[in-house]
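Chemist: pasting a predicted model and its sequence here:
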Amino acid sequence: MDRSRVLFCLLLVLISAVNISTQPVTVTMLISREKPRTGDAFSLQCRVSGYNLTTDIVTIGKVNPLTRFPTTLASSEGDIAHNSPHLTSSWSTNPTALIMFLNGAMASDMGDYRCTVLRASATLTEETYHLDLLHIPSQTFPVCNSEPSQQVYYEGDIVRFVCFSDLGNPSVNLTWTRSDGGVVPQTTVTNELDSVVTRITAILTLNDDRVSFNCTSRSAEFPDYLEDCLITVLSVIPRRSAIQPPSTPSPTTDNQSSNQVTQCSNCLKQVIVIAVLGILVAIIIGLLSVIVCLCFKVKSLGKTPKEKSPKSQTLDNLDDHQYETRMQNEPYADLQKESMDNATYESV
C-alpha cells in the first residue's frame, strides 16, 4: 500500500514537470515610473511566465545601436560586472521577475533594453523596451554666432545669425529677440542630427547699430529651464563713408580683395607716370632757361667796344686829385673844347 502511494506521488511530480516544461515562456518588460527624467531613481522589470528555475536563465542587456546585440547588465544567476555603478539588479520570485534598478539615471542610459530567456544557451523568447528620459541640454548650450563674423558692418550688409542647441527631450524651443524691442526677421528652425538650429537673415540698417540679438532656449517639460546666448552688432556704419571692414574669407570677398589690389596697383602706376612726366617737364624747362641765358650772353659778348681818343683816355686815366689840379690850371674853355673834340671824334 505504501509503495503504491509513493509511486503515485512520483507520477504526479513527473506529470507536473512535463506540464511545466511544455508551458510557453513569455516575458513582459515594465518600468516603475512614467516619463522618468535624468537624475530620477526607477527600475526596469523583466517579468517571466512559464519559467523553469532549474534550466532557464533570464538576462537584461542594453542593445548596441550599431551591432544590435545586447550587453548584459543583469542576470538571474547573479551580479554582472559592468561599468555603470548606478545600475543594480535583483531576482524576484513573486512575481517571477528580474529587476534592474537605475539610481540617478543619466542621458547615456537612454536606448533599447532587451530581456532574454535562455535555455541550454538557446533563446526561448525575448522582448525589447526603449527607455526614454526627459532631459534638458547641457549648460554649454545654446551657442550663437554670426556669418560673417566681424566687428564692423556696412549699412545694407546681409548677415546671418545662427543659434543651435542639443535637442533635449522634448526638443527645446529656440526664439530670437532684439535688445531694442524691434521686430526680428523671419526665422527658420531645423533639426540636424542631435541638434536644433534656428537662423535669421538680416539686412543691416543704421537702426541695428549697437543692437543685441538674443537667442533663448526653453523646454515645455522643464518650466524652470531658461538659457540664452547673445550676439552684439558692434558697429553699423554708412557704406559711403565706411572703411572696408575685415571679413571672413569667402569666394566673394576674395574676388573683391583681388579687385581692390588690381585697382590699387593701377592707381600706383598712374601716380608713377604722372611723377615721371612732371620730372621731365621740369628738366625741359630748366634746359630752355639755360639756353635762353646762353643766347643773351653770346649776344652781349658779340658787341665790339668803341675806341676812345687819346685825350679821352687821358682824362679817364686821371684820378680825382689830378683832375681837380688840371681844372684849376687849365682854362675851362680848353676843357670844353677838348670835350667837344672827344665827342666829335666819337661820333666819327
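Modeler: Cool, the structure landed.
Chemist: identify each buried residue in stretch 174-183, please.
Modeler: 174, 176, 178 (16 or more other CB atoms under 10 Å). Yep, even glycine has a C-beta here, placed from its N, CA and C like the rest.
Chemist: next: stretch 52-64.
Modeler: For stretch 52-64, the neighbour count (16+ other CB under 10 Å) marks 52, 56-63 as buried.
Chemist: what of stretch 108-127?
Modeler: Neighbour-count burial for stretch 108-127 [16+ other CB under 10 Å]: 109-110, 113-118, 124, 126.
Chemist: give me the contact list for it.
Modeler: Under the criterion CB atoms under 8 Å, 6 or more residues apart in numbering, residues 25-29, 44, 46, 48, 51-52, 55-63, 65, 70, 84, 98, 100, 102, 128-133, 169 lie in contact with stretch 108-127.
Chemist: can you do 6 Å?
Modeler: With CB atoms under 6 Å, 6 or more residues apart in numbering as the test, stretch 108-127 has contacts from 25, 27, 29, 46, 55-63, 70, 128-131, 133.
Chemist: likewise for stretch 71-83?
Modeler: By CB under 6 Å, 6+ apart, the residues outside stretch 71-83 that reach it are 57-62, 87, 89, 91, 98, 100.
Chemist: circling back to that earlier point, greatest separation within the buried residues of stretch 108-127: which pair is it?
Modeler: Comparing all pairs in the buried residues of stretch 108-127 by CB to CB, the longest separation belongs to M110 and L124, at 27.6 Å.
Chemist: can you pull up the most central residue in this protein?
Modeler: By CA atoms, centre = their mean, the chain has its centre lying nearest to S149, at 5.8 Å.
Chemist: which element is that one on?
Modeler: Here S149, judged by DSSP states H and E, is contained in no helix and no strand.
Chemist: I203 versus that one, what's the distance?
Modeler: Distance, S149 to I203, by CB to CB, to the nearest Å: 17 Å.
Chemist: what's the answer for V233, then?
Modeler: V233 sits 12 Å away from I203, going by CB to CB.
Chemist: the more surrounded of the two?
Modeler: Legend: neighbour count by other CB atoms under 10 Å for V233 and I203, higher for V233 (22 against 11).
Chemist: could I get the full set of strands for the stretch 51-200 of the chain?
Modeler: 56-63, 70-75, 87-93, 96-103, 111-119, 122-131, 143-147, 152-154, 158-166, 173-178, 187-192, 195-203 (DSSP state E, counting those that start in this stretch).
Chemist: out of those, which gets the lowest mean score?
Modeler: Sorting the strands of the stretch 51-200 of the chain by mean pLDDT places strand 187-192 lowest, at a mean of 87.
Chemist: who does that one pair up with?
Modeler: strand 195-203 (antiparallel) (DSSP bridges).
Chemist: list the buried residues of the partner strand.
Modeler: Buried-residue list, strand 195-203, by 16+ other CB under 10 Å: 195-200, 202.
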